[in-house]
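[1] Let's see this in three dimensions:
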Amino acid sequence: MKPMTCWNLAGYPQRLHDMKRIALPLTLLAVIATACGGATSTDTTPQATEWLQELEAAEQLWESASPADYTVTQLDRSEDESVASRTLAVRDGEVVSLAGDTTTVEEVFDAIEESIRRGGDVEVEYHSDLGYPVRVVVDEDRDGVSELDLEHLNVAAMPVVRSVEELRWAQRRWEAQQLDSYRYIFRFDCTCPESGTFQVDVQDGRVVETVPLDEAARASSLHPGLEIDAAFGDLEEWFTNSGELIDEGILAVDVRMDPRYGYPRWFRIEGQDIDNEFFSGRFTMVVTIDLIAELEPVHTTVDSQDLGQIDAAMAAWQQAGLTDFRYVLTIHCMCPGEVAGPFEVTIRNGELDSVIWQGDGEATDAHVFLVDEALEMIGSAVVDGVDVDVVYDPDLGYPQQAIIDTEAVAVDGGLAFSITDLEPLE
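    The predicted structure follows:
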């Protein structure tokens, strides 16, 4: 099966187990905990009865009119007048976001009811069409201090993507945001060995940092640090080649887009009949992406000497005009030989012809990069101000040895490789 290369989906996580979803910040937790832990009043005042009737009508309206999959922004005001803002996504009644402490609208309804029944002073404004509580203020012990001051904004359904046309529409919406610098939280739930939740920072259109947020992510050998744009390419492959992918074991892809920004907020991939180091038989993968902040761009300084060297190397390689040649590629990393090589790579008519792992002399489908791609990686690193240490062939310009200090772009230990024994073919 052709892997979804952009996001390297073959090995992301099972459900996050050490970051528990919190109903609300400590203020709402205190309301709920008190209500559940103590005696609930069974005698209600006429005012409380009226509040409960309004609540029941609002809940019925929400149940009948609300989307099953939605996003909502919650504003929580504390006693010092500070405001915490959280935008969350709810899928099939469950919060799927990790961007801060989150709760569903349904859980807020429950908290309102508990506070009313316990005799608290409750002020609620319900949305006229959807019924959800637009603003909730709860004074649990009627002392003039609000234990809960919550506001819901921007409730919107997460659009379902069913075709490549709808996907491209969403991509145009994302591109219209013109966000080149942002932070997002990436979670992968998977019935496969690896797992993890990561915070990813993107600056000027390129990932500059990936931070694991749980033990599973810290133990993982995977690094999903890529800009959000990369997800669109993988999803478009599904919608344009679904028949071929179904033949290879992918059963379905279910996609939900963020209604404000247009990026893939949540998607699930189901497959079967795949047997490798990550999967065996039927499997499910779920990706959740939370865009949590726009970042100020940080521009890096380009080393003019490195830039001159890579320009000269690219020019020499293009001038050589080799279309049929062979070389040995070795990735210098602490990883299995099947991944690191050395690989004997053969190019015919400018295209990859074969890859032989020299460990057993057998053909392999291991990922290798071509000379052009190696030069492009080095050039991109130089332009982004990433430290590089490269030895170029004096005649042909290809990188004989290269170390790219990619810790700034979230690959532990950097990237080091060598290209040796390059020879033209007859």
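
[2] From the rest of the structure, what touches the strand or helix carrying residue 338?
    Using DSSP states H and E, residue 338 maps to helix 337-340. Residues external to helix 337-340 that are found in contact with it (CB atoms under 8 Å, 6 or more residues apart in numbering): 330-333, 357, 359, 364, 366. Where C-beta positions appear, they are placed from N, C-alpha and C, glycine not excepted.

[3] which of the residues in that helix are buried?
    Buried positions in helix 337-340, judged by neighbour count with 16 or more other CB atoms under 10 Å: residue 340.

[4] which secondary structure elements does the helix or strand that comes right after it contact?
    Sequence order places strand 343-348 as the next helix or strand after helix 337-340, per DSSP H and E. Judged by 3 or more CB pairs under 8 Å, 6 or more residues apart in numbering; DSSP states H and E, the packing partners of strand 343-348 are strand 325-331, strand 351-357.

[5] which residues of the stretch 1-150 of the chain fall in strands?
    70-77, 83-91, 94-95, 121-126, 133-139, 148-157 (DSSP state E, counting those that start in this stretch).

[6] JSON lines please, covering the ones you listed and showing mean pLDDT, mean neighbour count and distance to residue 396.
    Output for the strands of the stretch 1-150 of the chain, formatted as JSON lines (pLDDT from 0 to 100; neighbours: other CB atoms under 10 Å; distance: least, CB to CB, whole Å):
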{"stretch": "strand 70-77", "mean pLDDT": "85", "mean neighbour count": "20", "distance to residue 396": "53"}
{"stretch": "strand 83-91", "mean pLDDT": "81", "mean neighbour count": "18", "distance to residue 396": "51"}
{"stretch": "strand 94-95", "mean pLDDT": "79", "mean neighbour count": "14", "distance to residue 396": "56"}
{"stretch": "strand 121-126", "mean pLDDT": "91", "mean neighbour count": "18", "distance to residue 396": "72"}
{"stretch": "strand 133-139", "mean pLDDT": "90", "mean neighbour count": "19", "distance to residue 396": "67"}
{"stretch": "strand 148-157", "mean pLDDT": "86", "mean neighbour count": "18", "distance to residue 396": "55"}
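
[7] For those strands, give me a markdown table that also has distance to residue 324.
    Shown next, in a markdown table, are these (distance: least, CB to CB, whole Å):
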| stretch | distance to residue 324 |
| --- | --- |
| strand 70-77 | 53 |
| strand 83-91 | 51 |
| strand 94-95 | 56 |
| strand 121-126 | 72 |
| strand 133-139 | 69 |
| strand 148-157 | 55 |
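
[8] ok, the longest strand along the chain: who's next to it in the sheet?
    Using DSSP state E, we find that the single longest strand of the chain is strand 280-294. Partners of strand 280-294 in the sheet, by DSSP bridges, are strand 182-190 (antiparallel), strand 264-275 (antiparallel).

[9] which one of these is the most hemmed in?
    strand 182-190 (a mean of 22; mean count of other CB atoms under 10 Å).

[10] which residues does the residue nearest to residue 396 when sequence neighbours are not counted contact?
    Spatial nearest neighbour of residue 396, excluding adjacent residues (CB to CB, 6 or more residues apart in numbering): residue 320 at 4.9 Å. Residue 320 makes contacts with 395-397, as judged by CB under 8 Å, 6+ apart.

[11] Going by distance to residue 374, which of these wins?
    When the contacts of residue 320 are ranked by distance to residue 374 (CB to CB), residue 397 comes first, at 10.9 Å.

[12] Is residue 172 located within a helix, as I assumed?
    Yes: assessed with DSSP: H, G, I helix; E, B strand; the rest coil, residue 172 lies in a helix.

[13] 615 is where my numbering starts, stick with that
    Fine by me, first position is 615 from now on; the one you just mentioned is residue 786.

[14] Dihedrals phi and psi, the closest residue in space to it that isn't next to it in sequence?
    Leaving aside its sequence neighbours, residue 786 sits nearest to residue 876 (CB to CB, 6+ apart; 7.4 Å). Here is the backbone geometry of residue 876 (degrees, to the nearest 10): phi 90, psi -10.

[15] Likewise for residue 1009?
    phi -100, psi -50.

[16] Determine the number of other residues adjacent to it.
    By the criterion of other CB atoms under 10 Å, residue 1009 has 8 neighbours.

[17] Repeat that for the one 5 residues further on.
    Here the number of neighbours of residue 1014 (other CB under 10 Å) works out to 15.

[18] Next, work out how far apart it and residue 927 are.
    Distance, residue 1014 to residue 927, by CB to CB, to the nearest Å: 10 Å.

[19] Mutual contacts of the two, please.
    Common neighbours of residue 1014 and residue 927, counting by CB under 8 Å, 6+ apart, are residue 1006.

[20] out of the strands of the stretch 615-764 of the chain, nearest to residue 660?
    strand 735-740 (14.3 Å).

[21] angle of the closest one against strand 762-771?
    20 degrees (axes from the mean of the first three to the mean of the last three CA atoms, to 10 degrees).

[22] which outside residues touch strand 735-740?
    665, 668-669, 672, 675, 726, 729-730, 746-754, 756.

[23] mind running it again at 7 Å?
    The contact list for strand 735-740 (CB atoms under 7 Å, 6 or more residues apart in numbering) reads 665, 668, 672, 726, 729-730, 747-753, 756.

[24] Tell me the strands beside it, with direction?
    strand 747-753 (antiparallel).

[25] The partner strand vs strand 684-691, what angle?
    Angle of strand 747-753 versus strand 684-691, following the same axes, to 10 degrees, is 30 degrees.

[26] Using CSV, write out the CA atom coordinates for strand 747-753.
    The C-alpha trace of strand 747-753 is given here as CSV (Å, rounded to 0.1, in the frame of the first residue of the first chain):
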residue,chain,number,x,y,z
PRO,A,747,-26.6,28.7,26.7
VAL,A,748,-25.1,31.8,25.2
ARG,A,749,-24.2,33.2,28.6
VAL,A,750,-24.2,31.4,32.0
VAL,A,751,-23.6,33.1,35.4
VAL,A,752,-23.9,31.0,38.5
ASP,A,753,-23.7,32.2,42.1
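
[27] So what's the gap between that strand and the chain middle?
    Taking CA atoms, centre = their mean, to the nearest Å, the mean C-alpha location of strand 747-753 is offset from the chain mean by 32 Å.
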